[in-house]
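Asks: Let's see this in three dimensions:
(chains A and B)
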Amino acid sequence: MPAERDLSQLWKNTTEWLQKPVRALRFARNLLKEGGHSIETPFTYQGNTFVLRTVIGFGDVINFIPNPAQEQYDPADWHNHYKEHINLHFEKTTTFLNAFEKQTTFWEASLKGIVGAANIYPLYQAILMEEWLLLLSPVASAVYLYFFGKATVQKLVYGLWQFAKQLFTIRKKIVARRKK
Amino acid sequence: MSDFIKNLASDLLRLEINTIVKQNMSAEKIPGNKRVLLRKLADIYRETLIDYGLVKSPNDPNITAEDADKVLRWQFGGEFSFKELALQSGRGVKLMEELMQKETDPAKLNTLNSRHKILQRISNQSYNVIGIFKLFRRDLAPDTLTQSNEHEDEDKQIYYVDKEHFNYLRYQRCELPLSCVPFRSHQETALWNNDLDWGHMNSAIELPFLPDMLGMIYKAYEIGTEQIVLQTVIQVEGDVTSYITPQYINMPEQIKEIIMGVHNRSINTSTQFWNTLFTTVINLAGKSFNQIFSKK
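Replies: Next comes the predicted model:
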């Protein structure tokens, strides 16, 4: 059923959207708390556990490669075993970085939305005038830009905001005159 | 907040990719308690200086009176401990430079050169940590900045040494001077410092670390005294510099292939990531950020 499908898609989109800031915040928290986000791939080789680790920070990336005592293992065998885990490790790293890229785009778009709204009508004025719906506009703008944030649409949204700005300025003047 | 974002933006002006080979690396998590983290960092540095034969542990039974200026008297992770580490590693750097000038054997020269780099790292990082404690002093105990440290005064030193160790030396090793006796846990400065034993450290109040301080400490702890085998530095203006150490060149072919593979893939993924992060942070630090947070 199309309506049900639409609803489930909406639900999926909404939950994904809600999760993104949480993931981004978790990454930011790790960066702030631990100086970097750590991606680890543990594996066992001849009964011992080793960890392949990448620490991603702002401006630096550190790879830690475990190196068992050379005399204990045959380098060729170690190499073959290791290759699989390196591939897995970099798949994890790429997935993480792709997810982060999406999140940063989200935050950037949200910020643009907030800035746009702040330019059109300062939020504190909205509170003063009890325009509660207007408070939601930055969020709506951010969501809109995130999901449909193409240049042409952005221009359209910007044009609409400019129009709204004029309307609200006029309304503000009317309210001020009435108060007098 | 605006300074923080601007610092982030300046951090992103260069991307550094390091690949480190860690001997028998097992899954060990970074300590959550920052005081413990600093203590562990200091322990790593102390062990390295002892391994290089530059200093001695106060528990070493072979200490003689002549070793007085080589004994690591601070066994903790605070300003005084890092000051001692900075001093001893600085001496080590000078010693390695002297030895390198005399050495002709390439293999030995390589060893001296790598030790020289590690000692320089210990010295630099120790001074960075001392700088953090100086900031804590400035904010939490400004009076102490102008006062001299009592434990440095020879007449008062007796009050600051580890009594148990002192008694042991007095009865068992009478010939050893007081300068071979380790200092006790320094609870007097717990408000801004971390020269505390494990017991006092767990009960002490948390130190007010800022994000960039923590970043520095965590990075120092992660790298420790391991040698970086490959390093690539990419500057925002387009310069790319790669460093390859002799340690890497002397490795077996298969191991070299693993390391170079990891390093190359890391460069590819992190440059993509850097691009996104750079654009976002520059946007945040630029117009958008100022409009939101700096508007009056």
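
Asks: of all of chain B, which residue lies closest to chain A?
Replies: Here chain B gets closest to chain A at one residue, B:Y218, 3.2 Å apart by CB to the nearest CB. Glycine gets a C-beta too; all of them are placed from N, C-alpha and C.

Asks: Give the burial count for that residue, as a bare number.
Replies: For B:Y218, the neighbour count with other CB atoms under 10 Å in any protein chain shown is 22.

Asks: just checking, what's the longest strand in chain B?
Replies: Secondary structure of chain B per DSSP state E: the longest strand is strand B:14-23.

Asks: What pairs with that one, parallel or antiparallel?
Replies: Here strand B:14-23 has these sheet partners by DSSP bridges: strand A:60-67 (parallel), strand B:228-235 (antiparallel).

Asks: and the residue of chain B closest to chain A, helix, strand or coil?
Replies: For B:Y218, the assignment made with DSSP: H, G, I helix; E, B strand; the rest coil gives helix.

Asks: So which of the strands paired with strand B:14-23 is the most surrounded?
Replies: Comparing the strands paired with strand B:14-23 by mean neighbour count (mean count of other CB atoms under 10 Å in any protein chain shown), strand A:60-67 ranks first with a mean of 23.

Asks: one step back: looking at the strands paired with strand B:14-23, which has the lowest confidence?
Replies: In terms of average pLDDT, strand A:60-67 trails the rest of the strands paired with strand B:14-23, at a mean of 84.

Asks: follow-up on the earlier one: for the strands paired with strand B:14-23, give me TSV that also has distance to B:Q254.
Replies: Converted to TSV, these look like this (distance: least, CB to CB, whole Å):
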stretch	distance to B:Q254
strand A:60-67	12
strand B:228-235	15
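
Asks: Compare those strands and give me the one nearest B:V55.
Replies: For those, distance to B:V55 was read as CB to CB. The smallest value, 23.9 Å, belongs to strand B:228-235.

Asks: what does the closest one rub up against?
Replies: Here strand B:228-235 makes contact (CB atoms under 8 Å, 6 or more residues apart in numbering or on different chains) with B:13-21, B:239-245, B:247-248, B:251, B:259-260, B:263, B:267, B:271, B:274.

Asks: Quick one: name whatever helix or strand follows it.
Replies: Counting by DSSP states H and E, the next helix or strand C-terminal to strand B:228-235 is strand B:240-244.

Asks: quick check: mean pLDDT across that next one?
Replies: Mean predicted confidence for strand B:240-244 is 90.

Asks: which strands and helices sit next to it?
Replies: strand B:228-235 (3 or more CB pairs under 8 Å, 6 or more residues apart in numbering or on different chains; DSSP states H and E).

Asks: Any regions of chain A where pLDDT drops low?
Replies: Along chain A, the model assigns pLDDT under 70 to residues A:1-36, A:68-72, A:101-160, A:162-163, A:165-167, A:170, A:177-178, A:180.

Asks: rerun at 80
Replies: Per-residue confidence for chain A (pLDDT under 80) gives these ranges: A:1-37, A:46, A:48, A:57-59, A:67-76, A:78-79, A:81, A:96-180.

Asks: likewise chain B?
Replies: B:1-13, B:22-32, B:147-179, B:211-212, B:215, B:236-237, B:272-296.
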